[in-house]
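Peer 1: Build the 3D model from these lines:
(2 chains)
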Amino acid sequence: MKARVHVMLKNGVLDPQGEAVRHALGSLGFDGVEGVRQGKVIELDLADGTTEDTINEMCEKLLANTVIESYRVEVL
Amino acid sequence: MRAAVIVFPGSNCDRDMAVALKAAGADVSMVWHKDASLPDNVDLVAIPGGFSFGDYLRCGAIAAKSPICKAVVNHAERGGYVLGVCNGFQVLTETGLLPGALMRNAQLKFLCKTVDLKVETSESAFTDGYSAGDTVAYPIAHHDGNYTVDPDTLTALQDQDRIAFTYAENPNGSVADIAGVLSENRRVLGMMPHPERAVDAGHGGTDGQALFRGLVGQFANA
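Peer 2: So this is what the prediction gives:
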């Protein structure tokens, strides 16, 4: 089985990289880009039967820093 | 004083840290990240700067889960001293021994220069060689030194006098100009600037000496 973990900075945490991307889009002439947030996608190849609880534990312990990041698990 | 310097793959300030501690009079051993325990009777653990595990995933994240870091957390929980510099500070926030996190510098640039810091408190073994309000010059060399912490924790850090150093001119966007913070028991210090790179006249400055001498002196007097 596969799972995909999306890791994003929490709302309210300033994302300097996202801001830089927003500026770059503006200078390319793309008007109206009001915000950009940059995150990570982590794909996991897992033994069949791995529970969502276990994947959440992986996120809490390593894949995300929950001080500044939130995560979302998608089982594929 | 017995000090242990932790070495991860990608550490690059480990030797400088050992030299600075030895010059202050400490007995120093180097400890590899795969070791599951610290040498006996270690007083201070120093986590050096560098790019542990290539900064993969997040700076310090993989190092914080290494076997030796369990021993470092136990050492801190027993009341032992821990100093984390630069990548070492990032590791300490990832272990949870210090609050907050280090994010990408606000200007997105890697910064490598000497900066002025204000000593905010002399109430710790690390800073009692200074007076609160002193200005000291330490080098910085980091890409992810933008310290962030939630507002409630920031208030607690301020109320408990746990901000050890602030930047005279904020180089990286860190909240409240914070350059270094102490744990609640004041025995764990994490900081982005490098005191170990300011201990020899050949470094261009010796403002870091007082930190190491003060720390080692605590044990000489005990």
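Peer 1: and chain B, which residues reach chain A?
Peer 2: Taking C-beta under 8 Å from any C-beta of the partner chain as the contact definition, chain B meets chain A at B:57-58, B:61, B:65, B:93-94, B:99-101, B:103-108, B:146, B:148-150, B:173. C-beta coordinates here come from the backbone N, C-alpha and C atoms, glycine included.
Peer 1: how distant is stretch B:131-149 from the center of its chain?
Peer 2: 10 Å (C-alpha atoms, centre = their mean, to the nearest Å).
Peer 1: buried ones in that stretch?
Peer 2: Buried residues in stretch B:131-149, defined by neighbour count with 16 or more other C-beta atoms under 10 Å in any protein chain shown: B:134, B:136-149.
Peer 1: now swap in stretch B:53-73 and tell me
Peer 2: B:53, B:55, B:57-66, B:68-69, B:71-73.
Peer 1: and the residues you listed, which of them are in helices?
Peer 2: Among the buried residues of stretch B:53-73, the members falling in helices (DSSP state H) are B:68-69, B:71-73.
Peer 1: Could you single out the nearest of these to chain A?
Peer 2: Each of those was scored against chain A by C-beta to the nearest C-beta, and B:Cys69 proved nearest at 12.4 Å.
Peer 1: Show the pLDDT at that closest one.
Peer 2: At B:Cys69, the predicted lDDT confidence score is 97.
Peer 1: Let me know whether it touches B:Leu92 as I believe.
Peer 2: No. Using C-beta atoms under 8 Å, B:Cys69 is not in contact with B:Leu92; the gap is 9.4 Å.
Peer 1: since we're on the residue of chain B found nearest chain A, how many residues are nearby?
Peer 2: Residue nearest to chain A within chain B: B:Ala101 (4.6 Å; C-beta to the nearest C-beta). A count of nearby residues for B:Ala101, using other C-beta atoms under 10 Å in any protein chain shown, gives 22.
Peer 1: Report the contact partners of it.
Peer 2: A:65, A:67-68, B:93, B:147-149 (C-beta atoms under 8 Å, 6 or more residues apart in numbering or on different chains).
Peer 1: Looking at those residues, which one is closest to B:Arg187?
Peer 2: B:Thr93 (16.1 Å; C-beta to C-beta).
Peer 1: tell me the SS of that closest one?
Peer 2: Counting by DSSP: H, G, I helix; E, B strand; the rest coil, the backbone at B:Thr93 sits in helix.
Peer 1: Now for chain A, the helix or strand with the poorest mean pLDDT.
Peer 2: Lowest on mean pLDDT, DSSP states H and E among the helices and strands of chain A sits helix A:16-27, with a mean of 93.
Peer 1: in that helix, what's buried?
Peer 2: Buried residues in helix A:16-27 (16+ other C-beta under 10 Å): A:16, A:18-19, A:22.
Peer 1: out of those residues, who's nearest chain B?
Peer 2: A:Pro16 (5.2 Å).
Peer 1: what residues does chain A put near chain B?
Peer 2: Residues of chain A lying near chain B by C-beta under 8 Å from any C-beta: A:13-14, A:16-17, A:20, A:61-63, A:65, A:67-68.
Peer 1: same thing but at 10 Å, please
Peer 2: Contact residues (C-beta under 10 Å from any C-beta of the partner chain) of chain A with chain B: A:7, A:9-10, A:12-17, A:19-20, A:38, A:40, A:42, A:61-69.
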